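Colleague: With the input below, show me the fold.
(chains A and B)
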Amino acid sequence: MSPEGMRFVDEYRDREKAQALAANIATLVEPGRRYGLMEICGGHTHTIYKHGIEDYLPEEVQLVHGPGCPVCVIPMGRVDDAIWIAEQDGVIMTSFGDLLRVPGARGSFLDAKARGADIQMVYSPLDSLRIARQNPGRRVVFMAIGFETTTPSTAMTVLRAAAEGLENFSVFCNHVTIIPALEAILASPDLHIDGFIGPGHVSTVIGCEPYRFIAEKHGRPFVVAGFEPLDILQAIQMLLLQLRDGRSEVENQYTRVVPWDGNQRALQAIDEVMEPRPTFEWRGLGWIPDSAMRIREKYARFDAERVFDVPATRVADPPACQCGEVLRGTIKPWECEVFGTACTPETPIGTCMVSSEGACAAYYNFGRFTRLRVRQAGSV
Amino acid sequence: MCLGIPGEVVTLDADRPGMATVDVGGARRQVNVMLIEEDGVGPGDWVLIHVGFALAKIDEEEARLTLSHLEEMGQAYRDELQAIAASRID
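Modeller: Predicted coordinates for the structure are as follows:
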């Protein structure tokens, strides 16, 4: 690594810089006023807990952890449907590793695999395509999940399958879209959010423009942010500056990666292959209109929901689990009744504990030690 | 799945349009670069890879920053690297 590179990386970890930002943030806060700032993306939640960002903030600033972890918001019924598909004759189900332990009402993919289903972990939907080519006598299904960071990959893979004329490949599409989820959160009556830290990678695809309604219609400042501790502190500073000045605008702190207009090619690929569903269930948030994508009629033969007679299972969230309240920011992870007792990363009840980017798992893994670690190590 | 992983483009594959050989953490992998072709991607460029597709061109400093962030993620990053190592995109 070049010395310049080292300096650059260090810049984003520099404790003095963090403290200078923290001091400036403190001057922007009106004593006694509460500032609820939601970080939407699970990657940000991870950085916040890992680096103890909350310890750099005045009491008045409260971070609320949003719904931007796709593993955390998939409802149990969709997991059950996927397992049902996996158990049909001749099926090979392929899935990202993140999803293997997510529980449905009848257990997880790993449990189904133990019962004999052929479920294979893949890194990319293109791996599923290769498995389909290599197994012409089997029906290969890709469990598609994720926000706009992974949706273009699924769309491109369907286009490739169509170009190759593959007949034994389909997608069980669970892709969700962030904007309708934010609209649903903004409409909830118990909302205490004054501004948003916007997702970095999703915005690489959709750009910054789609967030404008949050600033203009709902009067909330919105700052797209990177994943370094200083990125997040800087985004918080930008939000507080807007709030102090009575502005509500969309700003881009992460210009290093995020273009204002997003990735048009990726958006075109999505639009070619997929269309919004009238409604989709989110774990903890319920049914949200236009909040997920399905495969268009034109590509019906690659749509597992048309290829198979999927039962469309409906399962209520487990009563003990308060993932919904965590995802809406009504409670903190540790305020959930089962947090760290019945629900742990080893034996998760709720999805927020399954993914390493889920608020509960992030707090379970890092949050408890943050204050101690910051004081001892003297780093961000 | 959500982790964007930086890689350095080694070559564009002449016989497979839209595919490139990319150095990811010391291992050479096939990556689809069709979504960033308009940005003019070539050998020596750094890209941010999501599940086998390059979604953005980044500069070298950003790549190093992202890598050091990922290394701190521990198990989640190790799992992702393991998944990439097992990946055989063609």
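
Colleague: closest point of chain B to chain A, which residue?
Modeller: residue B:52 (2.9 Å; Cβ to the nearest Cβ). (Each C-beta comes from the backbone N, C-alpha and C, glycine too.)

Colleague: need the contact list for residue A:196.
Modeller: A:37-40, A:66, A:182, A:211, A:214, A:220-223, A:239 (Cβ atoms under 8 Å, 6 or more residues apart in numbering or on different chains).

Colleague: which residues of the stretch 201-350 of chain A fall in strands?
Modeller: Per DSSP state E, counting those that start in this stretch, the stretch 201-350 of chain A carries strands over the ranges A:222-224, A:250-252, A:274-276, A:279-282, A:286-289, A:293-295.

Colleague: ok, the residue nearest to residue A:296 when sequence neighbours are not counted - contacts?
Modeller: Spatially, and ignoring its direct neighbours in sequence, residue A:296 is nearest to residue A:275 (5.2 Å; Cβ to Cβ, 6 or more residues apart in numbering or on different chains). With contact set as Cβ under 8 Å, 6+ apart, residue A:275 has these partners: A:293, A:294, A:296.

Colleague: Test my guess that the second one contacts residue A:270.
Modeller: This means residue A:294. No - using Cβ atoms under 8 Å as the test, residue A:294 is too far from residue A:270 to be in contact (11.6 Å).

Colleague: Looking at the two, which is more packed in?
Modeller: residue A:270 (22 against 19; other Cβ atoms under 10 Å in any protein chain shown).

Colleague: Over the helix or strand harbouring residue B:22, what's the mean pLDDT, rounded is fine.
Modeller: For residue B:22, the host element (DSSP states H and E) is strand B:19-24. The average pLDDT within strand B:19-24 is 94.

Colleague: what pLDDT, on average, does the helix or strand just after it get?
Modeller: Tracing the chain past strand B:19-24, the next element assigned as helix or strand by DSSP H and E is strand B:27-32. Averaged over strand B:27-32, pLDDT sits at 92.

Colleague: do the same with stretch A:208-220
Modeller: Stretch A:208-220 carries an average pLDDT of 96.

Colleague: Please apply the same query to stretch B:38-56.
Modeller: Here the average pLDDT along stretch B:38-56 is 93.

Colleague: which one is the residue in the stretch 101-250 of chain A positioned nearest to chain B nearest to, not counting chain neighbours?
Modeller: When scored by Cβ to the nearest Cβ, the stretch 101-250 of chain A has residue A:124 as its residue closest to chain B, at 2.9 Å. Leaving aside its sequence neighbours, residue A:124 sits nearest to residue B:52 (Cβ to Cβ, 6+ apart; 2.9 Å).

Colleague: Going by secondary structure, residue 64 is in what exactly?
Modeller: You didn't pick a chain, so chain A it is. Using DSSP H and E, residue A:64 sits within strand A:61-68.

Colleague: actually chain B
Modeller: Using DSSP H and E, residue B:64 sits within helix B:60-73.
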